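>>> What would the 3D arrangement of this be:
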Amino acid sequence: MRPPALPAVPHFGRTAEENRFAQEDRELGLDRIISYHLPGQELATVVGLSLWNLRLFRGFGLEPPPTKRPVQALRRAQRDERVPQGWPHDPVLRDALAELDWPSLLASWPGWSWDPATGKLRCEAGRPLTLTTIRRSELAEGRTGIIFRRVSGGCEACSARQACLRSTQERASKHAELSIPTPIAELLRHRLRLVRHRPGAIGASDAAPGPCAVADALFLPAAARQLFGAAFSGATLRIEVALPPPPAPKPRLVAVDVADRQRRRKTWAQNVDRYALPDGTQVSIEVAASDALRRMLGEREPSKRAAAGAA
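Have a look, this model is predicted:
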């Protein structure tokens, strides 16, 4: 069973998570049905993931990386371009719009003004309009239209309604379209797309930053698992099991008890006893492999005193 994905995980994080699940399926075969009982399937998955961690841990121990760490660069403060929680007061949009020549743009709009503090356009009655749309095609060569819009309603009792609003509907939305240079319009279009598809609100962090910049991880976990598998190349494992004489056979026509007669489902303890080796069984394991693999399997290194006595 795979853990459910968090709803606020960005698309890249979800993609990396699914790729890791697919990698586990290929290496360990976790995508097959091992048990039709949910706890049984979950147990098999946990065992497989434990094997995944064991391969990673043992592969790291076979060839540990250098103890000398790479030098991290010093942290440099830089502007966070992510969308804050208080949109539409987006600083990136506000700064991009501030580069426009507003006196020239509003020359034919008497009484209208640009509010640089909020990044909004204000009509002659002082009501704010927010940037909502960037035209896909140019109005003229090198010029693209952008639309500022006011929320529905709010202009019913305005004395300047007849001069700036063509619609006769009472709750019509006021909007104004301006022609700006296309490069700035492209920047605004890209930023609006990020704002409207943001994964979630970004809160302020009160954690104190460290002196060094964040460095990307350079460790190769797949190489560690491959190194663990290569340690078994050419190894030979010989297991001998000496069983005691079998007990007398049970009567074939008589059940042991009522549960045996009714073929009841056995408990966990009964199944353990059923498949356990009989008393007196001797098991010997002989491993012919490299020194690293024998140490990994628990073989103790000979002491210096024993080695000197053997010499």
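>>> phi, psi of C212?
For C212, the backbone dihedrals (degrees, to the nearest 10) come out as phi -110, psi 150.
>>> hey, where'd the helices end up in the stretch 101-250 of the chain?
Listed in chain order, the helices of the stretch 101-250 of the chain (DSSP state H, counting those that start in this stretch) span 102-105, 161-164, 182-196, 221-230.
>>> list the contacts for E27?
W52, R225 (CB atoms under 8 Å, 6 or more residues apart in numbering). All C-beta spots, glycine's among them, are computed from the backbone N, C-alpha and C.
>>> now it: how far from L51?
As defined by CB to CB, to the nearest Å, E27 lies at a distance of 9 Å from L51.
>>> Could you do D257 as well?
As judged by CB to CB, D257 and L51 stand 39 Å apart.
>>> neighbour count winner among the two?
Using other CB atoms under 10 Å, the more surrounded residue of D257 and L51 is L51, with 15 against 8.
>>> Which parts of the chain are strands?
Along the chain, the segments classed as strands by DSSP state E run 113-115, 120-122, 128-140, 143-149, 175-181, 236-242, 282-288.
>>> now these as CSV including mean neighbour count and distance to G59?
As requested, the strands of the chain are exported to CSV (neighbours: other CB atoms under 10 Å; distance: least, CB to CB, whole Å):
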stretch, mean neighbour count, distance to G59
strand 113-115, 15, 60
strand 120-122, 21, 58
strand 128-140, 15, 52
strand 143-149, 18, 56
strand 175-181, 16, 57
strand 236-242, 9, 19
strand 282-288, 10, 19
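>>> mind checking which of the ones you listed is nearest V92?
With CB to CB as the criterion, V92 lies closest to strand 128-140 of these, at 11.9 Å.
>>> so what does that closest one touch, helix or strand wise?
If you count contacts as 3 or more CB pairs under 8 Å, 6 or more residues apart in numbering; DSSP states H and E, strand 128-140 packs onto strand 120-122, strand 143-149, strand 175-181, helix 182-196.
>>> Now stretch 220-235: buried residues?
A224, R225, L227, F228, A231 (16 or more other CB atoms under 10 Å).
>>> burial of the residue lying closest to F228 once chain neighbours are set aside, as a residue count?
Leaving aside its sequence neighbours, F228 sits nearest to G59 (CB to CB, 6 or more residues apart in numbering; 3.7 Å). G59: 21 surrounding residues under other CB under 10 Å.
>>> May I have the residues that are in contact with G59?
A223, A224, R225, Q226, L227, F228.
>>> how is the chain carved up into domains?
Domain ranges of the chain: 1-63+223-230, 91-196, 233-303, per automatic domain parsing.
>>> Adding mean pLDDT, write the ones you listed out as TSV.
Formatted as TSV, those follow (pLDDT from 0 to 100):
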stretch	mean pLDDT
domain 1-63+223-230	79
domain 91-196	80
domain 233-303	87
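>>> among the ones you listed, which is the most enclosed?
For the domains of the chain, the largest average neighbour count (mean count of other CB atoms under 10 Å) is found in domain 91-196, namely a mean of 15.
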